[in-house]
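Student: Fold the following, please.
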Amino acid sequence: MAATPAGEELPEVRLRDIGGLSPLVHVVGRVVSARRREVVRRSDGGRRPLLSGLLSDGSASVRFTWWDPPREGIERGTILRAVGAEVRQFRGRPELVFTWKTKVGPAGPAELPRLDGDRLPLCPVRDLKDGNGGFRLEARVLSVHAKPVNVGEERRIVYEGLVADATGAISFASWSDFALAPGEAVRISGGTVRAFRGRRQLVLDEAGIVVRIEPTGLPELAEWMHRPPRPIADVEEDGGGEATTIEGLVVGVLPPSGLVYRCPECHRLVTGGLCRVHGRVTGVADLRARLVLDDGTGAATVAAGREATERLWGVTLEDVRERLRGFPDASVLEEQLLEAVVGRRLVVRGSATRDDFGLTVTPETIEPAEIDLEAAADELAARLHGAR
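Tutor: As a prediction, the model looks like this:
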């Protein structure tokens, strides 16, 4: 990377202010995400390197494009000073472009502009979108847990969980330990929003600010944990959501369900002894059930893991492997699973995502629905009476 530029050419500005300024600006920001690729030149067919991602200084998050970046890696968390960056508009939002004229160099944490969280606009969860930054969020912590991850050759801890306000819930990933605890009410500033596997996620790092507050207007933890089921059609129309509860009948099981094999490295499904990431591997046996749940308004796929599958099926992984010795055809096991679960009414709580194949719920809990037989009989009688 080039030496740190002095920056006398242009005054330093905040990222939230670049939209109304001149075409060239001087900014300091932290790399939130970065992806390196190559673009083929139309003129001669040559390949030109390109780095693109998100840059944040706490006041806003802005997409950047860096043509001909240095060969050494620019990783998440790197703080950059860019003098003479071009400001362009893309879909109505400003973007930064680093060209050969832009002086880009490393900067230290002390060079990031000081963030005044109270001056940032308050944003409800339902209005957060991919790429958002420069906001404050007041929410209650629903859950949090530490997860070890590999970042390059470094082993780090990321803190993941859910926060919610009266408008909805969002998952978060924090690279700093803010000592969050379920039930706390907090004001969060300096975070950014990204799309992760089709779901919104709030990302926090060392630049984030978390302050404990009074929970005025925030739902109680028990209220969120025991919310009544929503119609599946409404959840699908919203594009999914966190901490979502649905209820319906199991009307089918999608393959592959029952006994499956997973890669010992990444836990993806292994087909024919091959993992699409790690190639030929010896798969590890596992159980899962892809249940189709229908509530009359719509249908959703519920991806149940081993523990939930064993409980619903009444059969353990060892039992299944023993059965397979007598029935080498694994499709027989899938039919047995279908017979055990079809027609059962379940209440499922978890995160829901929508894609081209419909709504999929990754469950936190799957429980049998408690049916009020008297109320159900009264409802059926009323419907039959109204149909006369």
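
Student: make it CA atoms for all contacts and neighbour counts henceforth
Tutor: OK.

Student: which residues in the stretch 251-388 of the chain form helices?
Tutor: Under the criterion DSSP state H, counting those that start in this stretch, the stretch 251-388 of the chain contains helices at 306-313, 317-326, 330-341, 373-387.

Student: Run the chain-centre distance for the shortest one.
Tutor: So the one you mean is helix 306-313. Put simply, helix 306-313 sits 25 Å off its chain's centre (Cα atoms, centre = their mean, to the nearest Å).

Student: Low-confidence ranges, the chain, go.
Tutor: Along the chain, segments meeting pLDDT under 70 span 1-9, 21, 115-117, 151-153, 197-198, 327-328, 371-380, 383, 386-388.

Student: domain ranges for it?
Tutor: The chain breaks down by automatic domain parsing into domains covering 15-111, 117-223, 227-373.

Student: would you turn those into JSON lines with distance to Ala381 and mean neighbour count?
Tutor: Compiled in JSON lines, the domains of the chain are given as follows (distance: least, Cα to Cα, whole Å; neighbours: other Cα atoms under 10 Å):
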{"stretch": "domain 15-111", "distance to Ala381": "55", "mean neighbour count": "18"}
{"stretch": "domain 117-223", "distance to Ala381": "32", "mean neighbour count": "18"}
{"stretch": "domain 227-373", "distance to Ala381": "12", "mean neighbour count": "17"}
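
Student: got a markdown table for the ones you listed, with distance to Ala382 too?
Tutor: Below are the domains of the chain laid out as a markdown table (distance: least, Cα to Cα, whole Å):
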| stretch | distance to Ala382 |
| --- | --- |
| domain 15-111 | 52 |
| domain 117-223 | 31 |
| domain 227-373 | 14 |
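
Student: Let me know which of the helices of the stretch 251-388 of the chain is the nearest to Thr282.
Tutor: helix 317-326 (16.1 Å; Cα to Cα).

Student: Helix 306-313 and that closest one, what's the angle between them?
Tutor: 70 degrees (axes from the mean of the first three to the mean of the last three Cα atoms, to 10 degrees).

Student: tell me how far helix 317-326 is from the chain's mean position?
Tutor: Its chain's C-alpha centre and that of helix 317-326 lie 36 Å apart, by Cα atoms, centre = their mean.

Student: same for it, what does it pack against?
Tutor: Helix 317-326 sits against strand 240-262, helix 330-341, with contacts defined as 3 or more Cα pairs under 8 Å, 6 or more residues apart in numbering; DSSP states H and E.

Student: Can you pull out the residues in contact with it?
Tutor: For helix 317-326, contacts defined as Cα atoms under 8 Å, 6 or more residues apart in numbering pick out 259, 286-287, 306, 310, 330, 333.

Student: Looking at these, spot the one nearest Ala185.
Tutor: For the contacts of helix 317-326, the nearest to Ala185 is Arg306 (33.8 Å; Cα to Cα).

Student: gap between the closest one and Gly258?
Tutor: Distance, Arg306 to Gly258, using Cα to Cα, to the nearest Å: 9 Å.

Student: What of Ile188?
Tutor: Applying Cα to Cα, the value for Ile188 to Gly258 is 42 Å.

Student: Enumerate every residue touching Val28.
Tutor: Contacts for Val28 (Cα under 8 Å, 6+ apart) come out as 12, 14, 57, 79-82, 107, 111-113.

Student: Same list (these) but as TSV, adding distance to Leu274 and secondary structure.
Tutor: Formatted as TSV, those follow (distance: Cα to Cα, whole Å; DSSP: H, G, I helix; E, B strand; the rest coil):
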residue	distance to Leu274	secondary structure
Glu12	52	strand
Arg14	49	coil
Asp57	43	coil
Ile79	40	strand
Leu80	41	strand
Arg81	44	strand
Ala82	45	strand
Ala107	44	coil
Glu111	48	helix
Leu112	46	coil
Pro113	49	coil
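
Student: Make TSV out of the residues you listed and add distance to Ala179.
Tutor: Output for the contacts of Val28, formatted as TSV (distance: Cα to Cα, whole Å):
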residue	distance to Ala179
Glu12	34
Arg14	29
Asp57	23
Ile79	25
Leu80	28
Arg81	31
Ala82	34
Ala107	28
Glu111	26
Leu112	24
Pro113	25
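
Student: Relative to Phe90, which of the residues you listed is nearest.
Tutor: Distances from Phe90 to those, taken by Cα to Cα, are shortest for Arg14, at 18.8 Å.

Student: Tell me how many other residues crowd the closest one.
Tutor: 18 (other Cα atoms under 10 Å).

Student: For it, give me its contacts.
Tutor: Counted by Cα under 8 Å, 6+ apart, Arg14 has contacts 27-28, 57, 59-60, 113.

Student: let's go with 10 Å and repeat that
Tutor: Arg14 sits next to 25-29, 56-60, 112-113 when contact means Cα atoms under 10 Å, 6 or more residues apart in numbering.

Student: any chance of these in JSON lines, with distance to Glu236 too?
Tutor: Conversion of these to JSON lines gives the following (distance: Cα to Cα, whole Å):
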{"residue": "Val25", "distance to Glu236": "42"}
{"residue": "His26", "distance to Glu236": "43"}
{"residue": "Val27", "distance to Glu236": "40"}
{"residue": "Val28", "distance to Glu236": "40"}
{"residue": "Gly29", "distance to Glu236": "37"}
{"residue": "Ser56", "distance to Glu236": "32"}
{"residue": "Asp57", "distance to Glu236": "34"}
{"residue": "Gly58", "distance to Glu236": "33"}
{"residue": "Ser59", "distance to Glu236": "33"}
{"residue": "Ala60", "distance to Glu236": "30"}
{"residue": "Leu112", "distance to Glu236": "41"}
{"residue": "Pro113", "distance to Glu236": "41"}
